[in-house]
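Participant: next one to model:
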Amino acid sequence: MTRGALFWINLEPATPPELGKVRPAIVVSNTVYNGKLDSVVVVPLSTREPEIWPLRVRPRGKRSFAVIPGIRQVSRMRLHERIGDLSAGDLARLDAALAIHLGD
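Facilitator: As a prediction, this is how the structure comes out:
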């Protein structure tokens, strides 16, 4: 499982303000660890507009927005169908937003 892969993922059960339901998500954890661990770290996507840098990032060509504060570790068992991959440019934008959100 590679970093930057897009999957349908079941985020239920969830408690507000967590994002729930089955939705697309981007795998952001390290590809090497993804092959060894039973969990991955994902950033869920939402169709709720607009892009709000750096909290909501819209990958090019997508109708959804990566919700950076929604980052979470999930069991690989929650992952369903793989639906694509982010481009290198979109992954770099996502990385920059994550660095801002997670840094001091």
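Participant: list the contacts of the longest helix seen in the chain.
Facilitator: For the chain, the longest helix by residue count, based on DSSP state H, is helix 88-102. Taking contacts as Cβ atoms under 8 Å, 6 or more residues apart in numbering, the residues outside helix 88-102 that touch it are 3-4, 26, 28, 43, 53-55, 57, 59-60, 66, 68-69, 71, 86. No exception for glycine: its C-beta is placed from N, CA and C like everyone else's.
Participant: quick one: the strands in this protein?
Facilitator: 5-10, 22-27, 39-46, 56-57, 65-67, 72-75, 79-85 (DSSP state E).
Participant: rebuild those as TSV, extending it with mean pLDDT.
Facilitator: Formatted as TSV, those follow (pLDDT from 0 to 100):
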stretch	mean pLDDT
strand 5-10	96
strand 22-27	96
strand 39-46	97
strand 56-57	96
strand 65-67	96
strand 72-75	96
strand 79-85	96
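Participant: got those as CSV, with distance to His101 and mean neighbour count columns?
Facilitator: What follows is the strands of the chain, written out as CSV (distance: least, Cβ to Cβ, whole Å; neighbours: other Cβ atoms under 10 Å):
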stretch, distance to His101, mean neighbour count
strand 5-10, 20, 20
strand 22-27, 14, 22
strand 39-46, 10, 21
strand 56-57, 10, 21
strand 65-67, 10, 23
strand 72-75, 13, 14
strand 79-85, 22, 13
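Participant: measure the residue nearest the centre of the chain to Asp85 for me?
Facilitator: Centroid-nearest residue in the chain: Val43, 2.1 Å away (criterion: Cα atoms, centre = their mean). Using Cβ to Cβ, to the nearest Å, Val43 is found at 14 Å from Asp85.
Participant: now swap in Arg23 and tell me
Facilitator: Taking Cβ to Cβ, one finds Arg23 at 17 Å from Asp85.
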